[in-house]
Structure formats: structure tokens, C-alpha cells
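Colleague: Sequence and predicted structure are below.
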Amino acid sequence: MDSFINHWQRISWEDAGLGINAKQARDVERALTAERPGLNDFMALLSPAAQPYLEPLAQRAQQLTRQRFGNVVNLYLPLYLSNLCSNDCTYCGFSMSNRLKRKTLDEQEIIAECQAIRDRGFENVLLVTGEHKSKVGMDYFRRYVPLIRDYFSSLMMEVQPLSQENYAELKALGLDGVMVYQETYHQPTYQRHHLRGQKMDFAWRLETPDRLARAGIDKIGLGALIGLSDNWRTDCYMVAEHLLYLQKNHWQSRYSLSFPRLRPCAGGITPASLMDESQLLQVMCAFRLLAPDVEISLSTRESPWFRDHAVPIVVNSVSAGSKTQPGGYAGGTPELEQFEPHDNRSVQEVEQMLLQSGLQPVWKDWDSYLGRMPTLIE
């Protein structure tokens, strides 16, 4: 069965990087005025040559964002269920080699977290775990996804890659979307940073969005971990290749994009390449021109200043008041966290920022009767 890995094998990482760096001002100007920018135009918008054009790029991105999404921004929270992990990854706070306390929430703790999140007004939740199939795998998800779904109108996951059959089962239990980040599309770099565990399998992870789409998952999130490879521009270009492939071959699903940059964590590494805030905005705006209908999300990894300025331009979905450790909303301890958030403002402060920017915070944009298939009667 065809999948993105067959397409990926035909793309030269080195040629893509050279192509991006070869772009000149005239290429950027042409891309900015293109009615439907393609991958060649996207290369220009990603390139160093485009940095002096950030203002017109942002203006066009903002115009497209308002046209396609109106003046609304969705709010969500990550709900960390467990920091157990059977992978050894150099950059992650949950890595099995890190000496930190491990915690997996039980039923009563999950209920306490759900109630605390609902008390903050959230209806959209992203479930997050470390990757541990035996203790935080399908048996755990079968037991607790329906319970959590009862509290919220929209439920997404960021957990270990699963089979197509598992995803289809989770959809029937109430799952709406899955975030699965490749971390880096440069396989040699990927292998250097994934030392033990299932996550060492580059191809299995790369094919996950194909399995998600075939299982009928409504929303699929893509992204690369900025700073893991020594060329973030090429990684972002590979995300674009992946996105366009999926939109063409699995058009029934919706897609979202995130651009996480390496953040301080236990056992963390020094980024191999640095992307500053203006370059992050450049990348986000370039993706808006390439794929105007795709949701762009921004988490609390980024600074309050950047979020305040970027959200009105190009962002559709933001987290606020996030905790990155199991039990964080009902009183968890910081030493369990995956990474340290940069924007530690309260939910109310983020909501006020959106209102002052002329944007409407949306806490709920989905109801089961609007499209979820009812249980079939035998």
C-alpha cells in the first residue's frame, strides 16, 4: 500500500536545502504575489532571502487567515495522563534514561483533572502520554478515553504511533484527532537522537498519518521539532511535502500544523540549529500562503510577547494555562513535567489578550450531534 515514505524517498534533503538557500529577492516577490503558491514558491518564502519581506508576508498571511477562519481562535489544553516512556530520546524530559519521578493517572485522578480543566472553561483537550505500550497503551486508552470524552466536546491525542485498527477503534470510542510529529525528516539525525525503543523505527512513525487517515480520523496534526536537525528550513520544507501529499491522497481528513522549538527539560540537548522568533513567524506565514485552510496552532512553549503578536496574524488554535505533567491541573508536582512552558499566564490573561486583539476566544466548536456517527444497532 502506497504511503508517504515512498514519496519521501524521492526527495533529496541536500537538494532541498540548496534550493531554499539559492532563492533570491525576485523569487520571494513572485511568491508573495502568486495566486496559488506551490512548493517552489514555498521554498522562496522559507529562504533567508525572504526575511526582509516579513511585513508583506505577514500582511498577506493575516488577510488569508481572516478570510478562511474569521476572527476566532480556538482554545485547548493538553491533559498529561502519564510520563512513563519506554523510549530513550536525547531531547525529551520523559526519556526512559532520565531519572525523574514517574506517574500514570488512575481513574479518580483523571476525573479530578477533567473537572479542573472544565472549571477553567475548556471543551477541547489534547491527551498526552509518554510512549509505553504495556502500561499506557490500548488497554489504558480503551478504559479511559470514553470516560474523558464525557467531559469534553473535542478530544485529540498525542501518544505513541498505533496501528490503523487501533485508530479506528479509538475513533469509535470518541477520538477526533491525533497529533504525530516526525521530530525530524532527516533520517541520520533521527537515528542519532532515538537510542532505544519503538521510536527508533523512523518508517513506522513516518507512515502514521497515512494510517490515521485510512482509519477515518478527522484531524491529523503534523510538525517537526525545530532545532533537532542542523537545518530547520529543510525540515519545515519536508513538513510541507508531507502536508501536500496527505491533502492530495487523504483529502477526507483535516490537517493542522505546529512548530515546536526545543525547550529546556531534564536531560535536554543544545539545539543543532536556532530559529529566532521572526523566523518562526516567517515559517508560519509561509505555510498560511501555501495551505490557507490548514489550522496553525501555537502552544505555551513560546513567549507571551511572541504569542501576543503572532496569534492575531496567523494562528487558529492556542493553549493557555498549560501544565506538562500528569496531574498538573489538580495539583501535580513540577518535577514530573515534560518541558517547561514559556507562557505561564493564566487562562483569563490569555483570553483578555485575544479580546484586546479583536479576536473571539472559542471554547467549544463541536457537538456530537453535528457529525459523529451514532452507535450502529445490530
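Modeller: Alright, I've got the coordinates. Keep in mind that what you see is a predicted model, and the values were worked out from it rather than measured.

Colleague: Tell me where the stretch 151-300 of the chain has strands.
Modeller: Per DSSP state E, counting those that start in this stretch, the stretch 151-300 of the chain carries strands over the ranges 154-158, 177-179, 194-196, 219-222, 254-257, 295-298.

Colleague: what would the ones you listed look like in JSON lines with mean neighbour count and mean pLDDT?
Modeller: Bear in mind the C-beta positions are built from the backbone N, C-alpha and C, glycine included. Listed next are the strands of the stretch 151-300 of the chain as JSON lines, based on neighbours: other Cβ atoms under 10 Å; pLDDT from 0 to 100:
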{"stretch": "strand 154-158", "mean neighbour count": "22", "mean pLDDT": "96"}
{"stretch": "strand 177-179", "mean neighbour count": "23", "mean pLDDT": "97"}
{"stretch": "strand 194-196", "mean neighbour count": "17", "mean pLDDT": "94"}
{"stretch": "strand 219-222", "mean neighbour count": "21", "mean pLDDT": "98"}
{"stretch": "strand 254-257", "mean neighbour count": "20", "mean pLDDT": "98"}
{"stretch": "strand 295-298", "mean neighbour count": "22", "mean pLDDT": "97"}
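
Colleague: These into a markdown table, with extra columns for distance to Glu277?
Modeller: Compiled in a markdown table, the strands of the stretch 151-300 of the chain are given as follows (distance: least, Cβ to Cβ, whole Å):
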| stretch | distance to Glu277 |
| --- | --- |
| strand 154-158 | 24 |
| strand 177-179 | 22 |
| strand 194-196 | 28 |
| strand 219-222 | 21 |
| strand 254-257 | 17 |
| strand 295-298 | 12 |
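
Colleague: For Tyr255, name its beta-bridge partners.
Modeller: Ile220 (DSSP bridges).

Colleague: Tell me how far it lies from Val178.
Modeller: Here Tyr255 is placed at a distance of 11 Å from Val178 (Cβ to Cβ, to the nearest Å).

Colleague: Common neighbours of these two, please.
Modeller: The contact sets of Tyr255 and Val178 overlap at 219-221 (Cβ atoms under 8 Å, 6 or more residues apart in numbering).

Colleague: Just give me the longest strand of this structure.
Modeller: As far as residue count goes, and with DSSP state E defining each element, the longest strand of the chain is strand 72-82.

Colleague: Buried residues, that one. List them.
Modeller: Using 16 or more other Cβ atoms under 10 Å as the burial criterion, the residues of strand 72-82 that qualify are 73-82.

Colleague: ok, the residues you listed vs Arg288, which is closest?
Modeller: Minimum distance to Arg288 across the buried residues of strand 72-82 is 14.3 Å, recorded for Val73 (Cβ to Cβ).

Colleague: List the single closest residue to that closest one in space, sequence neighbours excluded.
Modeller: Nearest non-adjacent residue to Val73, counting by Cβ to Cβ, 6 or more residues apart in numbering: Leu359, 5.1 Å away.

Colleague: tell me, how many neighbours does the one you found end up with?
Modeller: Other residues lying near Leu359 total 19 when counted by other Cβ atoms under 10 Å.

Colleague: Also Gln9?
Modeller: Here the neighbour count serves as a burial measure; for Gln9 (other Cβ under 10 Å) it reads 9.

Colleague: What distance do you get for it to Glu241?
Modeller: Counting by Cβ to Cβ - Gln9 and Glu241 are separated by 12 Å.
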